[in-house]
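Asker: what shape does this take:
(chains A and B)
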Amino acid sequence: AQSVSQHNHHVILSEAASLELGCNYSYGGTVNLFWYVQYPGQHLQLLLKYFSGDPLVKGIKGFEAEFIKSKFSFNLRKPSVQWSDTAEYFCAVKGNNRLAFGKGNQVVVIP
Amino acid sequence: NAGVTQTPKFQVLKTGQSMTLQCAQDMNHNSMYWYRQDPGMGLRLIYYSASEGTTDKGEVPNGYNVSRLNKREFSLRLESAAPSQTSVYFCASSYRTGSDPYEQYFGPGTRLTVT
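Answerer: Now for the predicted structure:
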């Protein structure tokens, strides 16, 4: 079965700082990868996704993620965060009829 | 389009009570899912329905039952609620049929407390 590991569950940073969230997965089949974001009190929204092609994926709100097959990783980055990026971020991998989610990264951006 | 809708938004139950969480989607999606979200645990799949007329267990199915009423609706039932079922429940749907869940769209969630 597929699984996802996310590190550094709690991240606190100041506005304009750069953000990188790590995601490592395990799955033996064709990989589809996702990052979802959950703003306080809201439901999950898709931030970006990778199915094939260019391993550098650009999503909404200035986020991007890089798929590195040799490292089984799909790390999320944003060069300069804003207070409105305060949220919980989940990495997910598709396989066997379902998505497997990581435990999430709680990100707090201080103005 | 309303997307994925869930009712109720909040619910408090006593141990042993039963209830059904409702979910509907208007995106003509084939697959639907129920997750629970607990602090530090991420989202865990309870049950899913790959297509109308089929349901399958996910990661944490014990204590729950589901019904895929039609293509639009997928309900989750707690027959005898327990405090361990206190959680936020999310319904989701996706377009693809068969074994590919593709991109999932989430509802607003139901916050359930069992006392």
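Asker: what does chain A put close to chain B?
Answerer: Residues of chain A that fall close to chain B, judged by CB under 8 Å from any CB of the partner chain: A:6, A:9, A:32, A:34, A:36, A:42-46, A:49, A:90, A:94, A:96-104. To be clear about C-beta, it is placed using only N, CA and C from the backbone, and glycine gets the same treatment.
Asker: in strands only, show me those residues.
Answerer: Cross-referencing those against strands under DSSP state E gives A:6, A:32, A:34, A:36, A:45-46, A:49, A:90, A:94, A:98-101.
Asker: out of those residues, which is nearest to B:G63?
Answerer: The nearest member of these to B:G63, counting by CB to CB, is A:R98 at 19.1 Å.
Asker: ok, what's across the strand from that closest one?
Answerer: Partner residues in beta bridges with A:R98: A:G95, with DSSP bridges as the criterion.
Asker: quick check: it touching B:S49?
Answerer: No. Applying CB atoms under 8 Å, one finds A:R98 not in contact with B:S49, separated by 11.2 Å.
Asker: compare those two (neighbour count), which wins?
Answerer: In this comparison of A:R98 against B:S49, neighbours counted by other CB atoms under 10 Å in any protein chain shown, the higher total goes to A:R98 at 24 against 21.
Asker: before we move on, the earlier item: so what sits against both of A:R98 and B:S49?
Answerer: When contacts are counted by CB atoms under 8 Å, 6 or more residues apart in numbering or on different chains, A:R98 and B:S49 have B:Y33 as shared neighbours.
Asker: please list the residues of chain B that sit near chain A.
Answerer: Residues of chain B lying near chain A by CB under 8 Å from any CB: B:33, B:35, B:40-45, B:48, B:50, B:56, B:58, B:90, B:92, B:99-109.
Asker: buried ones only from these, please, as a ChimeraX command.
Answerer: If you want just the buried ones from these in ChimeraX, going by 16 or more other CB atoms under 10 Å in any protein chain shown, the selection is:
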select /B:33,35,42,43,44,45,48,50,58,90,92,101,102,103,104,105,106,107,108,109
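Asker: and the closest residue to A:C91 other than its chain neighbours, backbone torsions?
Answerer: On the basis of CB to CB, 6 or more residues apart in numbering or on different chains, the spatially nearest residue to A:C91 that is not a chain neighbour turns out to be A:C23, at 3.5 Å. Backbone torsions for A:C23, taken as degrees, to the nearest 10, come to phi -140, psi 120.
Asker: next one: A:G62
Answerer: For A:G62, the backbone dihedrals (degrees, to the nearest 10) come out as phi 80, psi 10.
Asker: now B:S84
Answerer: Backbone torsions for B:S84, taken as degrees, to the nearest 10, come to phi -70, psi -10.
Asker: for it, grab the count of nearby residues.
Answerer: Residues near B:S84, counting by other CB under 10 Å, number 10.
Asker: ok, it to A:K71 distance?
Answerer: If you measure B:S84 against A:K71 using CB to CB, to the nearest Å, the figure is 36 Å.
Asker: any weak-confidence spans in chain A?
Answerer: Within chain A, the ranges that satisfy pLDDT under 70 run A:96-97.
Asker: pLDDT score assigned to the most centrally placed residue in chain B?
Answerer: Taking CA atoms, centre = their mean as the criterion, B:W34 is the residue nearest the geometric centre of chain B, at 2.6 Å. Here, the pLDDT recorded for B:W34 equals 97.
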